[in-house]
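**Q** What shape does this take:
(chains A, B, C and D)
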2 protein chains.
Amino acid sequence: MNDNAHSAAIRVERPAKTLRELALDKVREAIVSGYFRPGDRLVERDLCAQLGVSRTIVREVLRHLESEGLVANLPNKGPIVAQLNHDEAKQIYEIRAALEGMAARLCAEQNNPAIADALDKSLEDIKRSYREKDMAGVLAHTSSFYQTLFSMVDRHVAWGVVNLLTVRINHLRSMTIKTENRDVQGPAQMARIVDAIRRGDGEGAYQAAMDHVTSASAIAQAVLSGRQPID
Amino acid sequence: MNDNAHSAAIRVERPAKTLRELALDKVREAIVSGYFRPGDRLVERDLCAQLGVSRTIVREVLRHLESEGLVANLPNKGPIVAQLNHDEAKQIYEIRAALEGMAARLCAEQNNPAIADALDKSLEDIKRSYREKDMAGVLAHTSSFYQTLFSMVDRHVAWGVVNLLTVRINHLRSMTIKTENRDVQGPAQMARIVDAIRRGDGEGAYQAAMDHVTSASAIAQAVLSGRQPID
DNA sequence: TGCCATAATATGGCCTACCAAAATCCTTCA
DNA sequence: TGAAGGATTTTGGTAGGCCATATTATGGCA
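**A** Purely as a prediction, here's the structure:
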């Protein structure tokens, strides 16, 4: 027993990730990062070669990404990287507004100072990343901010939905945060959310969260209008 | 050209359903309908035999259902039918409330009488199904009511999210609608939504939609408390 | 009898190889 | 030139096999 407990204590935390999960992450990352562009065909056997795995894995991965909305399947032609149009992007921002607004309200109604403190910490990270011009960091810490918002009130299902939708607009997000003045306005809007939460002002937190997403959406629309869709 | 246009016009809407999609629907239906119970193991090779398809297909289907949240994968044990706990159900109802409330508000702000008319039609179908004690019909027409709500304002992404979440609580829905008085209260609450939309009262429609889901959620919680989880 | 080590079984994870059907590209011949 | 008709590419789908792990028998030993 003692021996067992001991070996358990030193047990190496093995990856436990299956090859399929690794491949899934790789391909998702490749799409989100723009290595595969919207409209690109994802030929199964090519992916096999690039990933170094069998078709079985590739097919399962493509199915998974299809159900995530990152990949579209043309009948008898095969999978391509999904194209996000104007309208869908708008809808995604709208849903995020509704859910993040909800989460912010719940946080405010919790009246727990630890929540605002945790959010402030993420906010500092975001500002620092902006100062260091580390845009990947801005995105990551912004995600972290919202994850905190949801997890502090135990809304992991809603967080899952938001997360799922967010990967589909990732390239838009990375463009909006580079917009002029966004390094000041973005954090300012998020600070309003935190302030309302700290005051216990549910309605204010809701509005502030809605406003933040809404302004991001407006910028995204402008970006999309400026550059013609990749069609 | 003319010929082309003509042949396109009469083109038979071919099934186009791949075997995988058929299998996916079958298994999803089997889970939603309760043929497979929460916690049941879904042994790949058994499913192959039952569905009459290859393991490739079965695996892709399982992956798809996993990302829908209907199937859970235990490491080193394999897939089982996902178990819905108390808290998750509550969260799902909460998200539906937020999104259906949003859709109802948008419908109201549209000021288009056709919307309320279409909703009224679904509502009549629901009442008739209740009178005929056709509970499957009640569920179907209720879905149809909400689908109208979303599609009338072109919010198919949000509808997709709601739909995805709804399949996971399908058994709860089928219990809530059988609750005492639900055949009167349910339609009455939905009529309030329609009335507000017809009046162009966005805030009222939002509240009415929230109230409807919230009361369904309360009933679901009661049902879940009454009968111990299937563990 | 009771317990432990071992073998058998079940199952998921992963792979290769194959076939049919559809789309597409390419060649050839009138 | 241009249309018929292969050849190629690629998906959709199948079959079956290998390995690792986990569970379950099983049989032998104290």
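**Q** going forward, measure contacts between C-alpha atoms and count neighbours the same way
**A** Will do.
**Q** domains in chain A, as residue ranges please.
**A** As given by automatic domain parsing, the domain ranges for chain A are A:13-81, A:86-226.
**Q** and the longest one, does that touch chain B?
**A** The reference is to domain A:86-226. Yes - judged by CA under 8 Å from any CA of the partner chain, domain A:86-226 and chain B are in contact via A:E88, A:Q91, A:I92, A:I95, A:A98, A:L99, A:M102, A:R155, A:V157, A:A158, A:V161.
**Q** tell me the average confidence for that domain?
**A** The average pLDDT for domain A:86-226 rounds to 95.
**Q** Likewise for stretch A:60-76?
**A** Averaging pLDDT along stretch A:60-76 gives 92.
**Q** swap in stretch A:25-35?
**A** So the average pLDDT for stretch A:25-35 ends up being 94.
**Q** Now do the same contact list for the residue in chain A positioned nearest to DNA strand D.
**A** Going by CA to the nearest atom of the strand, DNA strand D is nearest to A:V43 of chain A, at 3.1 Å. For A:V43, the contacting residues are A:G78, A:P79, by CA atoms under 8 Å, 6 or more residues apart in numbering or on different chains.
**Q** Just the buried positions in stretch A:193-210, please.
**A** A:193-198, A:200-210 (16 or more other CA atoms under 10 Å in any protein chain shown).
**Q** now stretch A:209-222
**A** Buried-residue list, stretch A:209-222, by 16+ other CA under 10 Å: A:A209, A:M210, A:D211, A:H212, A:V213, A:T214, A:S215, A:A216, A:S217, A:I219, A:A220, A:Q221.
**Q** Find the helix or strand that the first one is a member of.
**A** So the one you mean is A:A209. Element membership for A:A209 (DSSP states H and E) is helix A:202-226.
**Q** Please give the centre-to-centre distance between that helix and its chain.
**A** Relative to the centre of its chain, helix A:202-226 is centred 16 Å away, using CA atoms, centre = their mean, to the nearest Å.
**Q** Please, which helix or strand holds the residue in chain A positioned nearest to chain B?
**A** The minimum distance from chain A to chain B, using CA to the nearest CA, falls at A:E60 (5.1 Å). Secondary structure assigned from DSSP H and E places A:E60 in helix A:55-68.
**Q** neighbours of the residue of chain A closest to chain B, just the number please.
**A** A:E60 has 23 neighbours, counted by other CA atoms under 10 Å in any protein chain shown.
**Q** In this structure it contacts B:V58, no?
**A** No - taking contacts as CA atoms under 8 Å, A:E60 lies outside contact range of B:V58: 10.1 Å.
**Q** For the residues of domain A:86-226 next to chain B, work out which two are farthest apart.
**A** A:E88 and A:R155 (24.3 Å; CA to CA).
**Q** With neighbour numbers in mind, choose between those two.
**A** A:R155 (22 against 18).
**Q** Now that one, what are its backbone angles?
**A** Note on A:R155: its backbone torsions stand at phi -110, psi 60 [degrees, to the nearest 10].
**Q** now A:N111
**A** With angles defined as degrees, to the nearest 10, A:N111 sits at phi 50, psi 50.
**Q** show me the contacts for it.
**A** A:I197, A:R198, A:R199, A:G200.
**Q** repeat that with 6 Å
**A** Residues in contact with A:N111 (CA atoms under 6 Å, 6 or more residues apart in numbering or on different chains) are A:G200.
**Q** Give me the distance between it and A:A118.
**A** Counting by CA to CA, to the nearest Å, the gap from A:N111 to A:A118 is 13 Å.
**Q** To which secondary structure element type does A:K133 belong?
**A** coil (DSSP: H, G, I helix; E, B strand; the rest coil).
**Q** residues near the residue of chain A found nearest DNA strand C, how many?
**A** Residue of chain A nearest DNA strand C, by CA to the nearest atom of the strand: A:L19 (3.2 Å). A:L19 has 11 neighbours, counted by other CA under 10 Å.
**Q** do A:G52 as well
**A** Neighbours around A:G52, by other CA under 10 Å: 11.
**Q** now A:S225
**A** A:S225 has 11 nearby residues by other CA under 10 Å.
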